[in-house]
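> what would the 3D arrangement of this be:
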Amino acid sequence: MKDNKLYQILVFFIIWLVVGLLLGLAFKEQTRIRTAELPSARLPELARAYVQEKRSNAALEEEIRQLRQKINELENAFASGTKQAQVLSQSLQEAKMIAGLLDVEGPGIELILQDSKRKPSGESPELLPELYTIHDYDLLRVVNELRQAGAEAISINGQRIVATTGIRCTGPVVFINDVKMASPFTILAIGDPKTLKGALEMPGGALADLKSVDPKMVQLRVLDKVRIPAYGGSTQFRYVQPAPPQEVKQ
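Residues are numbered from 1 along each chain as shown. Next comes the predicted model:
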């Protein structure tokens, strides 16, 4: 009995040690990218800096992939142990599912939003270009409508939407999870396909507004199987921490 308990403690310690290394690595890379100063001298130096950053990012992504693979191996070994260990492993998997840290698949929808190719026209054409472009608020409205309709997982251009995801415009591009992207935007959602489709197509919704400008800005289809990748960004918390249980007043 003591051996089983010691084994469980040891496996959990190893798993969370690897998780800590993974999160620390991701946070370190984000901090380095944000604080790095690009040389301002000449274009060749900028080009070399870009290539160096790209190679460094590729190496770090491979290291993160290997660490995640190691975590999965440890979890699988832990799940094959005692019944109590299997229950704990299942709880861990459910927590990761809720947090968006696992690849998932299931029935759902694919929605493609893209800037219109039409040229603005009317009495004041200079005021209309904004209507022909997909903005951050269009994506936010779609995400909110999908969540309200019961979507269990959502991604935009391969970026998993989680609780900490930010969607914001910066000039002609949109940043999602601090990743720069532009039109077209492919949105995948897992849930009841009919419910998700009905929510998106309701009168007065986000898609109705876009279609009123140009129907070709929107493409929506139902899929029997949708695969959505896990969240790959940093999950390091700098300020928030678990709160102690509150005392119940008699």
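> any idea how this structure splits into domains?
2-99, 104-228 (automatic domain parsing).
> quickly, which of those domains bottoms out on average pLDDT?
Looking at the domains of the chain, the lowest mean pLDDT belongs to domain 2-99 (a mean of 62).
> part of a helix, is Lys216?
Yes - using DSSP: H, G, I helix; E, B strand; the rest coil, the assignment for Lys216 is a helix.
> so it makes contact with Lys117?
Yes - using C-beta atoms under 8 Å, Lys216 is in contact with Lys117, at 7.3 Å. (Glycine included, C-beta is placed from N, CA and C.)
> so those two - more neighbours on which side?
Lys216 (12 against 9; other C-beta atoms under 10 Å).
> name the nearest residue to that one, ignoring sequence neighbours.
Ser116 (6.8 Å; C-beta to C-beta, 6 or more residues apart in numbering).
> who are the contact partners of the one you found?
Tyr132, Thr133, Val213, Asp214, Lys216, Met217 (C-beta atoms under 8 Å, 6 or more residues apart in numbering).
> can I have the buried ones of the residues you listed as a ChimeraX selection?
Restricted to buried positions by 16 or more other C-beta atoms under 10 Å, the ChimeraX selection for these reads:
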select :132,133,213,217
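> the strands in the chain, which residues?
104-113, 153-156, 159-160, 167-170, 173-176, 179-181, 185-190, 218-228 (DSSP state E).
> quick one: strands adjacent to the fifth one?
Read it as strand 173-176. Take DSSP bridges as the rule and strand 173-176 pairs in its sheet with strand 167-170 (antiparallel), strand 179-181 (antiparallel).
> and of those, who's closest to Ala208?
Across these, Ala208 has its closest neighbour in strand 167-170 (20.2 Å, C-beta to C-beta).
> who's in contact with that closest one?
For strand 167-170, the external contacting residues (C-beta under 8 Å, 6+ apart) are His135, Asp136, Leu139, Leu140, Val143, Ile156, Val174, Phe175, Ile176, Lys180.
> and that strand, which residues are buried?
Buried residues in strand 167-170, counted by 16+ other C-beta under 10 Å: Ile167.
> let's number from 812 now, not from 1
Let's use 812 as the start, then, which means that last one is strand 978-981.
> ok, which pair from the contacts of Ser927 is furthest apart?
Spatial extent of the contacts of Ser927 (C-beta to C-beta) is set by the pair Thr944 and Lys1027 at 13.5 Å.
> ok, now how distant is Lys1005 from Leu950?
Distance of Lys1005 to Leu950, given as C-beta to C-beta, to the nearest Å: 23 Å.
> these two: which is more packed in?
Applying other C-beta under 10 Å to Lys1005 and Leu950 shows that Leu950 carries more neighbours, namely 22 against 12.
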